[in-house]
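Colleague: Structure for this input, please:
(one chain, ligands or ions: 1)
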Amino acid sequence: MSCDVSAVVSSFVEKVVSRYAERVDRENMAPPGFFRDAAGQGVFGLPIPREYGGWGLPFPDFMDALRLIARESPSIAHIIFVHSMSAYFVEKFGSEELRKEILPAAARGERILALAFTEPGAGSDLASIETRAERRGDAYVLEGEKLFTTNALYADTFIILARTGPLEARHKALTLFAVDKAKGLEVGEPLDIMGFRGTGLARVFLRGVEVPATRVLGRENEGFKPAVVGLGVGRLPFASIALGIAEGALWEAARWALERRSFGRPIFENQAISFPLAEVAAEVEAVKALIRRAAELHDKGENILLLTSMAKLLAARLAVKATRVAVQVMGGRGLLSTSKVSRLYRDAKAAEIAEGTNEVQLMIIARDLARRVKARHGFNH
Ligand SMILES: Cc1cc2nc3c(=O)[nH]c(=O)nc-3n(C[C@H](O)[C@H](O)[C@H](O)COP(=O)(O)OP(=O)(O)OC[C@H]3O[C@@H](n4cnc5c(N)ncnc54)[C@H](O)[C@@H]3O)c2cc1C
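Modeller: Numbering: from 1, shown residues only. Sure, this is the predicted structure:
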C-alpha cells in the first residue's frame, strides 16, 4: 500500500472503526455519525479509479485495507466492501454518463451503494430470480422483492438483477439495473441477524418502480454473466474480511493468554493453549499468501475465479476455527456478549454463508477439478 493510503486506513481504523465497532454490532445499525466520519476519512473511494475521484487502490492493497478494518469490525469492512463492489458494477458495465453521475459521489461517500440480487426464492441459485422488469417505452417497470440486501438501510442507489424474459429462460433472461432509491424503491426493517450486524441488511421492495433504460448495466438479458463474474471477483475482498476476523481473534486471544495467569503462570505456557493459536497463526499466513497471489493475478488481467472460491472457502473456515479457539482460550470472558471474540465468532459463522456458501465454493472447485482431470486423461463424458 502506498504511504498515503496506508495512513488513511490506519487513521480510519484508529479514529472511526475502533470507536463504532461494538456499537454497530450491538445496535444492529450504524449510528448517523458513522457515515459522516467514514466519508471524512476517504474510505468509500478506496478501489474506485482516480479519474472518478477514488484512490484507485490496486487489488492487493484493497485486500490489505479490508483485512485491517475487519480485524476490528467485520461489519464496517462489509459495508465498505459491498459499496465498493456495487461501484465496480457501475464502472465495468455502466455508460460513461452513469459512471460520471454515480462514481464521484460514491467515492466521496455522499452516495452509498448496495447490491440486491438474492430473493426469497433465489439464493445460491440466482438463475431462478423472479423480480420482473417489463419494458415500457424508454423505461422498465420493476416488480418484486429482494432479501438480504447489505447497506439497504443506508443506500441511495441499488444494483439490481431482474428478469426481462420468461422464468423458463433462467439465466438467459436476466438484466442488471442501477436503481435510485428516490425512484420509489422501498426498504424493510433491519433484519435481526446473528453476524455482520449493523450492515443495514434488509428486504427491498420494488412495487412498480420505473427505471429509465439508460440505467441498464450492460445489455438486456445479458446480466447473469457479469453478475456471476462480479460476485466471483468479489469473493476475494470478502475472503480478506474473513481473514481479518481470524487475525483479530488470534491477536486478542494470544494477548489474553500471555496476560492471564492460572496455576501460577500465564496460560500461554500450556501447549494446550499455545498450539491451537500457533496453528491458526500459520494458517492465517497461508490464506494471506493465497489472497495476495490471486489479487496480483487479477491486476495482471488473469481469470481468478477458481482462486477466489478457494480463498473464500478457506478464509471463512479459518475464521470459524480461529474464533472458536479464541473463545476457548478466553474462557468465560470470551463468552460474554460484550467480548470482541464472541462478536467475531458470530461474524465468522455468517462468513461461511454470505457471498456464496461453502458448498457453492466446493461446487465451483469440484467442477474445475473434474474438468482438469478429464482434460488430462482424455475423458469425453
Ligand atoms: C450477512 C449477509 C449479507 C448478505 N448480503 C447480500 C447482499 O448484499 N446482496 C445479495 O444479493 N445477497 C446478500 N446475501 C445473501 C447471500 O448471498 C445468500 O444468503 C447466499 O447466497 C445463500 O443463499 P440462501 O441464503 O438463499 O441459501 P440457499 O441457497 O437456500 O442454501 C441453503 C443451504 O443449501 C446449500 N445448497 C444450496 N444448493 C446446493 C447444492 N446444489 N449443493 C449443495 N448444497 C447446496 C447451501 O450451501 C446452504 O447451506 C447476504 C447474506 C448474508 C448472510
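Colleague: what's the domain layout of this protein?
Modeller: Taking automatic domain parsing as the domain assignment, the ranges for the chain are 3-112, 114-221, 225-377.
Colleague: Between these, which one is closest to the ligand.
Modeller: Nearest to the ligand, of all these, is domain 114-221, at 1.8 Å by C-beta to the nearest ligand atom. For every residue, glycine as well, the C-beta is placed using N, CA and C.
Colleague: Let me see the mean pLDDT of the closest one.
Modeller: In this model, domain 114-221 has a mean pLDDT of 97.
Colleague: ok, and does it reach over to the ligand?
Modeller: Yes - residues of domain 114-221 contacting the ligand under C-beta under 6 Å from any ligand atom: 115, 116, 117, 118, 123, 124, 148, 149, 150, 193, 196, 201.
Colleague: Throw these into a markdown table and include secondary structure, thanks.
Modeller: As requested, the residues of domain 114-221 next to the ligand are exported to a markdown table (DSSP: H, G, I helix; E, B strand; the rest coil):
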| residue | secondary structure |
| --- | --- |
| 115 | strand |
| 116 | strand |
| 117 | coil |
| 118 | coil |
| 123 | coil |
| 124 | coil |
| 148 | strand |
| 149 | strand |
| 150 | coil |
| 193 | coil |
| 196 | coil |
| 201 | coil |
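Colleague: Highest neighbour count among the residues you listed?
Modeller: residue 116 (30 neighbours; other C-beta atoms under 10 Å).
Colleague: How about the contacts made by that one?
Modeller: Counting by C-beta atoms under 8 Å, 6 or more residues apart in numbering, residue 116 makes contact with 146, 149, 152, 158, 159, 160, 161, 204.
Colleague: Residue 261 too?
Modeller: Contacts of residue 261 (C-beta under 8 Å, 6+ apart): residue 267.
Colleague: Next secondary structure element downstream of the helix or strand of the chain with the lowest mean pLDDT?
Modeller: Least confident helix or strand, the chain: helix 3-12 with a mean of 84, by mean pLDDT, DSSP states H and E. Using DSSP states H and E, the helix or strand that follows helix 3-12 in sequence is helix 18-27.
Colleague: Show me which residues of the stretch 251-381 of the chain are close to the ligand?
Modeller: Counting by C-beta under 6 Å from any ligand atom, the residues of the stretch 251-381 of the chain near the ligand are 350, 353, 354, 356, 357, 359, 360, 363.
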